[in-house]
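*Asks:* following is a predicted model, sequence given first.
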Amino acid sequence: MKKLLVLLMLVLMCGCSSSTPASDSSLNVLRVGMECDYAPFNWTQVKASDTAVQISSVDYADGYDVVIASMIAKDLGMEVQVVKTDWDSLIPSLNAGAIDCIIAGMTETPERAQEVNFTTPYYESQMVVIVRADSDLVGINDIQQLSGHKVLGQINTTYDEIIDQINDVVHLTPLDTYPRMILSLQSGEADAITAELPVANGVVAANPDLAIVEFAPDKGFVVDTSVSIAVAKENTELLNNIQTALDKISEDQRLQIMSAAVDRQPAVEG
């Protein structure tokens, strides 16, 4: 009987030790935070595809950020895991250790740089506004022509901060998601919403009642439209590894990835 108990204990011990590799392998995952609601940078879809990453039993994440994240993870010899996270929770989640990095169309600002570290930019865009297609604002070429109008941005983003560059603007209370901003514009609550050009292209393609306004040189917003990857302050090794992997993605590749993301993005509607 004692021999039988000893054998059982040995089997259990072997079983426990065999689970160690699985536990170690789970550490070989790059957990990437993003909204999954900001096409063409990132979005949620229900169909699997070559570029999508599963985020739940029924949903997948795809977009420019997802492809960049997948390429970086592959270079690091890791599996990518997209963690769908509200915009306002991204940096807190990173600093709490719930995610390893943020790849979510985030611009480095002095305020954010105090909380997290950033790579060099992985994409740079142009800031425009979206207006209703039947609006008198169609065809303007100076942001000051938005003076006196109701302009809306997304909360806690440069989209919102830049609005105050317009003299005598009616700066609306920012909203938390881009689809809500589109609905506000279509309903007439807002006269214009700020956007990066790739985002605006997708919005207008899906909503023919809207139009893009681009500004003349030196007449637009003064804003950094580059986006970078964020990593926790103490995780300098991961930051360096991600930067090394990012440097291997050429500018031409990045443009091609964005072009493909714009082509396959879902309709961004209010």
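*Replies:* Sure, I can see it. Residues are numbered from 1 along each chain as shown.
*Asks:* quick one: end-to-end distance for stretch 32-46.
*Replies:* With Cα to Cα, to the nearest Å as the measure, stretch 32-46 spans 19 Å from end to end.
*Asks:* residue 248: neighbour count?
*Replies:* Other residues lying near residue 248 total 10 when counted by other Cβ atoms under 10 Å. From N, CA and C alone the C-beta is placed, and that goes for glycine too.
*Asks:* now the strands for the stretch 101-250 of the chain?
*Replies:* 101-106, 116-118, 123-124, 127-132, 150-152, 170-171, 192-196, 210-213, 226-232 (DSSP state E, counting those that start in this stretch).
*Asks:* can you lay out those strands as JSON lines showing mean pLDDT?
*Replies:* Output for the strands of the stretch 101-250 of the chain, formatted as JSON lines (pLDDT from 0 to 100):
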{"stretch": "strand 101-106", "mean pLDDT": "96"}
{"stretch": "strand 116-118", "mean pLDDT": "98"}
{"stretch": "strand 123-124", "mean pLDDT": "94"}
{"stretch": "strand 127-132", "mean pLDDT": "98"}
{"stretch": "strand 150-152", "mean pLDDT": "98"}
{"stretch": "strand 170-171", "mean pLDDT": "98"}
{"stretch": "strand 192-196", "mean pLDDT": "96"}
{"stretch": "strand 210-213", "mean pLDDT": "98"}
{"stretch": "strand 226-232", "mean pLDDT": "97"}
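*Asks:* those into JSON lines, with extra columns for distance to residue 31 and mean neighbour count?
*Replies:* Converted to JSON lines, the strands of the stretch 101-250 of the chain look like this (distance: least, Cβ to Cβ, whole Å; neighbours: other Cβ atoms under 10 Å):
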{"stretch": "strand 101-106", "distance to residue 31": "8", "mean neighbour count": "26"}
{"stretch": "strand 116-118", "distance to residue 31": "15", "mean neighbour count": "21"}
{"stretch": "strand 123-124", "distance to residue 31": "21", "mean neighbour count": "16"}
{"stretch": "strand 127-132", "distance to residue 31": "30", "mean neighbour count": "24"}
{"stretch": "strand 150-152", "distance to residue 31": "32", "mean neighbour count": "23"}
{"stretch": "strand 170-171", "distance to residue 31": "36", "mean neighbour count": "14"}
{"stretch": "strand 192-196", "distance to residue 31": "25", "mean neighbour count": "26"}
{"stretch": "strand 210-213", "distance to residue 31": "35", "mean neighbour count": "20"}
{"stretch": "strand 226-232", "distance to residue 31": "12", "mean neighbour count": "23"}
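*Asks:* mind checking which of those is nearest residue 139?
*Replies:* Closest to residue 139 of those, according to Cβ to Cβ: strand 210-213, at 7.6 Å.
*Asks:* list the contacts of stretch 44-54.
*Replies:* Here stretch 44-54 makes contact (Cβ atoms under 8 Å, 6 or more residues apart in numbering) with 36-37, 55, 58-62, 66-67, 69-70, 80-82, 84, 260, 264, 266.
*Asks:* could you measure from the closest residue to residue 200 other than its chain neighbours over to residue 201?
*Replies:* Nearest-residue entry for residue 200: residue 212, 4.8 Å, with adjacent residues in sequence omitted and distances by Cβ to Cβ, 6 or more residues apart in numbering. Per Cβ to Cβ, to the nearest Å, residue 212 is found 7 Å from residue 201.
*Asks:* same question, residue 163
*Replies:* Where residue 201 is concerned, residue 163 sits at a distance of 21 Å (Cβ to Cβ).
*Asks:* among those two, which residue is more densely surrounded?
*Replies:* Shown here are residue 163 and residue 201; by other Cβ under 10 Å, residue 163 has more neighbours (23 against 19).
*Asks:* how about the contacts made by the residue nearest to residue 200?
*Replies:* Taking Cβ under 8 Å, 6+ apart as the test, what residue 212 contacts is 128, 129, 130, 195, 197, 200, 201, 204.
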